[in-house]
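Novice: kindly generate the corresponding structure for this input.
(2 chains)
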Amino acid sequence: MNHLLIAPVVLPAIVAPFIIMVLRHHLSLQRIFSLACTVALLAITLGLAVQAADGTVQVYELGNWPAPFGIVLVLDRLSALMLLLTAGLALAVVLYAIGSGWDARGRHFHALLQFQLMGILGAFLTGDAFNLFVFFEVLLIASYGLMIHGGGAKRLQAGVQYVVYNLLGSSLFLLALGTLYAVTGTLNMADLAVRVAELSPDDTALLRVGAVMLLLVFAIKAAVLPLHFWLPASYAYAPLPVAALFAIMTKVGAYAILRMYTLVFGPDVAATAGLVGDWLLPAAMLTLAIGALGVLGSREIGRLVAFGAITSMGTLLIAVALFTPQATAAALYYTVHSTLAAALLFLIADLIIERRGGAIIAQRPMAQTGLIASLFFVGAIAMAGMPPLSGFVGKLLVMDAARDHELVWYIWAVILAGSLITIIGLARAGSEIFWKSHDDSHIREAEPEIAVDDTQAPTEEPASNAPALPFVACFALVGSLALLTIFAGPMMDYTTATAAQLFDPNIYIDAVLRRAEQ
Amino acid sequence: MEILFASAVGVLTAAGIYLILRKRTFPVILGLSLLSYAVNVFLFATGRLMINAPPVLNKYAEVAYTDPLPQALVLTAIVISFGMTAVVVMIALGAYLSAKDDHIDMIEDADGAGDDA
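Specialist: The predicted structure follows:
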């Protein structure tokens, strides 16, 4: 067994308690350890991605219990891609949080962040449905702490909503798992796949109920309409660097949908055939439409970006819901792009809010307005899916993959109209914030700011000693988007191979259940 | 026994959902707890209901046994829901004390926009 496979879970699980118990009064040491751990995670996940790139499925049996009796971690191309994406995003977020001083505005930021990483990375690795639930809980409970980091009445109220919504989701998850276990007698994903395929089609009513409940759970995580209500308020009121990290959390939902509904309830399984795609596709299209309208209607920059994130989830899930290898490859490319783009815009939104507040109205110019304006321009291009950045490539791939679908015109219309509305919304926000601020006739008196956050740093920070580290994080994200565009060809080769691996679940099942050796 | 069991799950779920739809945080948290009890009881039944059967295999005699896995799952679920309830109580208390308001829905500002959160 390759012990590197469990390192992404174990490393943060060791560092986080160490930070809490030993370093709780030493912010600088916390920063060093957190940063070092994140860099190490990036190196580990890079190593794992290299190992997974040749198409082998590696299995790590915890306690050396063979599946399906023990819990397994499984590394295939999809897991490796998501791990690498998470670690890269986490590095940018940690750099930004250190540079902007967000981690000093409350306690235990770095410990919670590491626990969150442990949950996310574990969820991407696990090959056991109940273990997936446990890792979901780990990442959620850490996200509750991060969400209310820094305190403040509004943030705590939004936090309560977020927690309640997710607790409901967790209950539903358990009900779905219980139903699946009652029907199949197993919770190991590979074993589930085998047993589900063996069930006779007239005996699957309960199984279908379980499959739909599971889809609902993942749809809550992925913020699919009509289960998206938690997202705008949570992301807008959370500390925005945290919201940038949360950009990967909606993708955990998308990942889980992709994993469960290709492996266990695949397109070939008679019992659940057509069940998921038929429901998910219209929901994803509505998600995209509502997200775009939300972008247009937002009067506050954090909320604008949150709706932008919903829009990109809509596009992503349209591609997922098509359930063809080509569409899945496009979806994976778009996943990487949309995570980075959403995180970039959240970080830029935080830069703006720190300097002038979040309302999208013309105010006096802020410090470094040119630099931030150009960053916002790049981020907006990426999020709206305009050339030359990877969002354009991603959307083109998604639309191309939908070409043979019977609803192709609806899909194209929704994606294109959604992009147009998103562009208008982002352009309006950008011109209000950056351009009209230089024209005295447009400047409205700044509204009296309602103190949301007692520990908020003073906003009138002198421009000369504004820290450079936040910009390093932003430019790292811009750079990775540019790389994603330049190396779109190799990236598509990888995601195409990933999709091929996903749509041949026997590779996964054989590796986990060791069928080759029997 | 099945009727008793099923109606217990049903009543707990119904009460939980009713309470979750209330306006203030305290009933909502109670509702979440009730719902998690319902889920735990339901999980218990997923290994089929058996009376007087140990959750261990006996290789020396043909003795009835009950499925041990749901019991392990329930144990995990209880621990997690207990921890989560504690967290949500603390956050709700914090929100109540700082906002002087324990409504679960956030009353938007007059201008509809958020502030500098």
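
Novice: look through chain B and report the residue furthest from the middle.
Specialist: residue B:60 (39.2 Å; Cα atoms, centre = their mean).

Novice: and it, which of the three is it?
Specialist: Using DSSP: H, G, I helix; E, B strand; the rest coil, the secondary structure recorded for residue B:60 is coil.

Novice: and the closest residue to residue A:238 other than its chain neighbours, what are its phi and psi?
Specialist: Nearest-residue entry for residue A:238: residue A:147, 4.7 Å, with adjacent residues in sequence omitted and distances by Cβ to Cβ, 6 or more residues apart in numbering or on different chains. C-beta coordinates here come from the backbone N, C-alpha and C atoms, glycine included. With angles defined as degrees, to the nearest 10, residue A:147 sits at phi -60, psi -40.

Novice: burial count for residue A:147?
Specialist: Neighbourhood size, residue A:147 [other Cβ atoms under 10 Å in any protein chain shown]: 26.

Novice: that one reaches residue A:161, doesn't it?
Specialist: No. Using Cβ atoms under 8 Å, residue A:147 is not in contact with residue A:161, being 10.1 Å away.

Novice: what touches both of the two?
Specialist: Contact criterion Cβ atoms under 8 Å, 6 or more residues apart in numbering or on different chains; residues shared by residue A:147 and residue A:161: residue A:234.

Novice: low-confidence ranges, the chain, go.
Specialist: In the absence of a named chain, chain A is used. Scanning chain A for pLDDT under 70 picks out A:271, A:440, A:442-466, A:516-518.

Novice: my question was about chain B
Specialist: In chain B (pLDDT under 70), the answer is B:107-117.

Novice: so which residue is dead centre in it?
Specialist: The centroid of chain B falls nearest to residue B:36 when counting by Cα atoms, centre = their mean (1.1 Å).

Novice: from residue A:175, how far off is it?
Specialist: Using Cβ to Cβ, to the nearest Å, residue B:36 is found at 11 Å from residue A:175.

Novice: same thing with residue A:13?
Specialist: Residue A:13 is 28 Å from residue A:175, where distance means Cβ to Cβ.

Novice: of those two, who's got more company?
Specialist: More crowded of residue A:13 and residue A:175, by other Cβ under 10 Å: residue A:175, with 24 against 19.

Novice: near chain A at all, the helix ranked longest in chain B?
Specialist: Longest helix in chain B by number of residues (criterion: DSSP state H): helix B:68-99. Yes. Residues of helix B:68-99 contacting chain A under Cβ under 8 Å from any Cβ of the partner chain: B:69-70, B:73, B:76-77, B:80-81, B:83-84, B:87-88, B:91-92, B:94-95, B:98-99.

Novice: list the residues that contact residue 66.
Specialist: No chain was given, so I picked chain A. Applying Cβ under 8 Å, 6+ apart, we find residue A:66 in contact with residue A:514.

Novice: hmm, I had chain B in mind actually
Specialist: Taking Cβ under 8 Å, 6+ apart, we find residue B:66 in contact with B:47, B:48, B:50, B:53, B:54, B:55.

Novice: so the fourth one, which state does it fall into?
Specialist: When the structure is split into helix, strand and coil by three-state DSSP, residue B:53 lands in coil.

Novice: pull out the buried residues from the residues of helix B:68-99 next to chain A.
Specialist: Using 16 or more other Cβ atoms under 10 Å in any protein chain shown as the burial test, these include B:69-70, B:73, B:76-77, B:80-81, B:84, B:87-88, B:91-92, B:94-95, B:98-99 as buried.

Novice: any idea which of those is closest to residue A:432?
Specialist: Closest to residue A:432 out of these is residue B:99 (29.4 Å), distances taken as Cβ to Cβ.

Novice: that closest one against residue A:156, yeah?
Specialist: Yes. Counting by Cβ under 8 Å, residue B:99 touches residue A:156, with 7.0 Å between them.

Novice: which helix or strand contains the residue nearest to the centre of chain B?
Specialist: For residue B:36, the host element (DSSP states H and E) is helix B:25-45.

Novice: repeat that for residue A:151.
Specialist: In this structure, residue A:151 is located outside every helix and strand according to DSSP H and E.

Novice: list the contacts for residue A:381?
Specialist: Residues counted as contacts of residue A:381 (Cβ under 8 Å, 6+ apart) are A:388, A:389, A:391.

Novice: likewise for residue B:106?
Specialist: A:154, A:157, A:158, A:161, A:233.

Novice: and chain B, which of these contact it?
Specialist: Applying Cβ under 8 Å from any Cβ to these, those adjacent to chain B are A:154, A:157, A:158, A:161, A:233.

Novice: most surrounded residue in those residues?
Specialist: Within the ones next to chain B among the contacts of residue B:106, neighbour counts (other Cβ under 10 Å) peak at residue A:157, which reaches 28 neighbours.

Novice: which element is it on?
Specialist: If you go by DSSP H and E, residue A:157 is part of helix A:153-184.

Novice: okay, the angle between that helix and helix B:25-45?
Specialist: Computed by axes from the mean of the first three to the mean of the last three Cα atoms, to 10 degrees, the angle separating helix A:153-184 from helix B:25-45 equals 20 degrees.

Novice: helices or strands up against helix A:153-184?
Specialist: When contacts are defined as 3 or more Cβ pairs under 8 Å, 6 or more residues apart in numbering or on different chains; DSSP states H and E, helix A:153-184 sits against helix A:129-147, helix A:189-198, helix A:205-221, helix A:230-237, helix B:25-45, helix B:68-99.

Novice: export those helices to TSV and tack on distance to residue A:77?
Specialist: Below are these laid out as TSV (distance: least, Cβ to Cβ, whole Å):
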stretch	distance to residue A:77
helix A:129-147	18
helix A:189-198	16
helix A:205-221	20
helix A:230-237	28
helix B:25-45	33
helix B:68-99	30
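
Novice: count of residues packed around residue A:70?
Specialist: 13.

Novice: same question for residue A:327.
Specialist: By other Cβ under 10 Å, 23 other residues sit near residue A:327.

Novice: ok, and the closest non-adjacent residue to it?
Specialist: Using Cβ to Cβ, 6+ apart, the closest residue to residue A:327 is residue A:401 (3.8 Å).

Novice: could you measure that neighbour against residue A:10, distance?
Specialist: Here residue A:401 is placed at a distance of 37 Å from residue A:10 (Cβ to Cβ).

Novice: which one's more surrounded, the two?
Specialist: For residue A:401 versus residue A:10, the count of surrounding residues by other Cβ under 10 Å is larger for residue A:401: 22 against 12.

Novice: farthest-separated two in the contacts of residue B:106?
Specialist: By the measure Cβ to Cβ, A:154 and A:161 form the most distant pair in these, at 11.0 Å.
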